[in-house]
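Engineer: generate coordinates for the sequence data below:
(one chain, ligands or ions: 1)
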Amino acid sequence: MNPVRNQSSMSLNSIIKDNIEKQQISNGVDASNGVKITKNTRLIIISCVLGAILITSAILNYFQYRKNQELLKTIESMEKNIRQIQEENLLLRAKLIQPIPEIPGVVLTFDDGPSRHFNKTNPIEHTEMVLDILKSAGVKATFFVLGSQFDKNIAGKGDTLERYKNCLNRQVQEGHTIGIHDYNHIPYWRQSLRQLEKSLDGTANKIKEITGLNPSAYVRSPGGRISPEVEAYLSQKGYKHVYWHIEAEPLNLKPNQYLAHIKSELDKGLRGIILMHDHNASSYLPELIKYLNEKHIKIVPLAEWESKYGLPLTPYQPR
Ligand SMILES: [Zn+2]
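Structural biologist: Below is the predicted model of the structure:
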């Protein structure tokens with residue numbers, strides 16, 4: 001054997017073996033025992049990666065949770081502040097609506113009509129009576145009417161609906177102002193803006209259908225209060241909310257105390273818009289007009305009052 005050839009052949013063998021080992025290692029095969037190491041190693045690596053992902057995600061979730069808790073606390077404290085501001089605003093507005101004693105005159109406003117008292121032996125048609133009293137005194141008033149009173153499914157049986165329609169026509173013909181109260185007597189702040197739109201439009205449509213005329217821009221929420229959202233909505237739609245200066249029929253009084261109460265308010269020097277209801281006022285209105293005449297307190301239409309003094313601010317109802 002040629003030693004040179006033998007040597008070069010050995011060296012070639014060793015190079016080949018070396019390359020095979022490298023190839024095996026790069027393929028993930030242990031060079032010494034030829035067993036696959038990748039299966040376990042890969043599992044360990046994958047587990048480690050997954051574990052790291054899980055731990056990272058848990059840490060991130062924890063920080064997100066802490067952040068959310070802090071945000072919740074901030075929102076709660078902001079809501080508390082808003083409620084506090086709303087209540088302070090309510091008090092401030094309540095102070096602002098106090099009438100100015102030097103201003104002469106009052107405005108007569110009636111809510112909830114047309115209305116009728118059902119009594120089998122002695123039926124009293126409140127709104128008709130109020131209209132008769134105003135006509136004989138030669139004064140003008142404003143009526144905030146309910147759309148449902150002209151709804152044949154709600155207004156009642158017999159001739160009621162026709163009489164209500166006649167009342168509305170009389171109010172227009174006799175020079176009174178027609179304002180919208182609500183369709184179903186729900187405070188505006190309790191209605192969604194969509195509901196409120198339906199209610200105001202529904203009442204306006206009834207008024208137009210019966211009288212041939214659109215109602216005035218004056219509206220009054222049942223209970224008198226509104227929310228900032230309602231205030232913005234009304235002004236955007238061109239409505240004017242009419243709060244009052246003198247509440248003629250406070251809830252804590254009995255009907256036979258109303259007249260004395262209004263007189264005592266007037267005696268204090270209070271003037272401005274008087275809130276009454278058709279069904280109560282029919283009993284004390286003649287005496288009230290007599291008293292106003294005696295005291296030389298003028299009864300003026302709402303538009304005249306508004307053009308001179310503006311309208312009182314309406315208190316907000318905090319939610
Ligand atoms: Zn009402």
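Engineer: which parts of the stretch 1-150 of the chain sit against the ion?
Structural biologist: Within reach of the ion by C-beta under 5 Å from the ion, the stretch 1-150 of the chain has these residues: Asp111, Asp112. For glycine as for every other residue, the C-beta is placed from the backbone atoms N, C-alpha and C.
Engineer: show me where pLDDT drops low in the stretch 1-150 of the chain?
Structural biologist: Along the stretch 1-150 of the chain, the model assigns pLDDT under 70 to residues 1-37, 87, 90-91, 93-103, 117-124.
Engineer: show me where it has helices.
Structural biologist: Here the stretch 1-150 of the chain has its helices, by DSSP state H, counting those that start in this stretch, at 3-26, 38-96, 126-137.
Engineer: what residues go with each domain of this structure?
Structural biologist: Split into domains by automatic domain parsing, the chain comes to 3-36, 102-309.
Engineer: just put those in CSV and tack on mean neighbour count.
Structural biologist: Below are the domains of the chain laid out as CSV (neighbours: other C-beta atoms under 10 Å):
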stretch, mean neighbour count
domain 3-36, 10
domain 102-309, 18
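Engineer: put together CSV for these, with distance to Leu71 on each row.
Structural biologist: As requested, the domains of the chain are exported to CSV (distance: least, C-beta to C-beta, whole Å):
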stretch, distance to Leu71
domain 3-36, 50
domain 102-309, 24
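Engineer: of all those domains, which one is nearest Gln84?
Structural biologist: Gln84 lies closest to domain 102-309 among these, at 14.8 Å (C-beta to C-beta).
Engineer: longest strand of the protein?
Structural biologist: Identified as the longest strand of the chain according to DSSP state E is strand 106-113.
Engineer: can you tell me the closest non-neighbouring residue to Phe300?
Structural biologist: Residue 300: Val, not Phe. Excluding the flanking residues, the one nearest Val300 by C-beta to C-beta, 6 or more residues apart in numbering is Gly105, at 4.7 Å.
Engineer: which stretches in the stretch 151-300 of the chain count as helices?
Structural biologist: 160-173, 193-211, 228-237, 258-267, 278-294.
Engineer: contacts for the second one?
Structural biologist: Identification of contacts with helix 193-211 by C-beta atoms under 8 Å, 6 or more residues apart in numbering yields 145-147, 150-151, 165, 168-169, 172, 178, 180-184, 186, 188, 191, 213-215, 219, 229-230, 233, 237, 239.
Engineer: in strands, which of the residues you listed appear?
Structural biologist: Per DSSP E, the contacts of helix 193-211 map to strands at Val145, Leu146, Ile178, Ile180, His181, Asp182, Val219.
Engineer: distance of the fifth one from His277?
Structural biologist: With distances taken as C-beta to C-beta, to the nearest Å, His181 is found 10 Å from His277.
Engineer: any part of stretch 280-293 near the ion?
Structural biologist: No. For stretch 280-293 and the ion, the contact criterion (C-beta under 5 Å from the ion) is not met; the two come no nearer than 11.2 Å.
Engineer: what residues are up against Arg220?
Structural biologist: Neighbours of Arg220 in contact, by C-beta under 8 Å, 6+ apart: Thr109, Asp111, Phe144, Gly179, Ile180, His181, His241, Val242, Tyr243.
Engineer: may I have stretch 218-228 exported as CSV, CA atoms only?
Structural biologist: In CSV, the C-alpha atoms belonging to stretch 218-228 read as follows (Å, rounded to 0.1, in the frame of the first residue of the first chain):
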residue,chain,number,x,y,z
TYR,A,218,-93.8,79.1,24.5
VAL,A,219,-93.6,75.7,26.2
ARG,A,220,-93.7,74.6,29.9
SER,A,221,-92.4,71.3,31.2
PRO,A,222,-94.8,69.5,33.6
GLY,A,223,-93.3,70.3,37.1
GLY,A,224,-91.5,73.3,35.5
ARG,A,225,-88.0,71.9,35.6
ILE,A,226,-85.7,70.9,32.8
SER,A,227,-82.2,69.5,32.3
PRO,A,228,-79.3,71.3,30.6
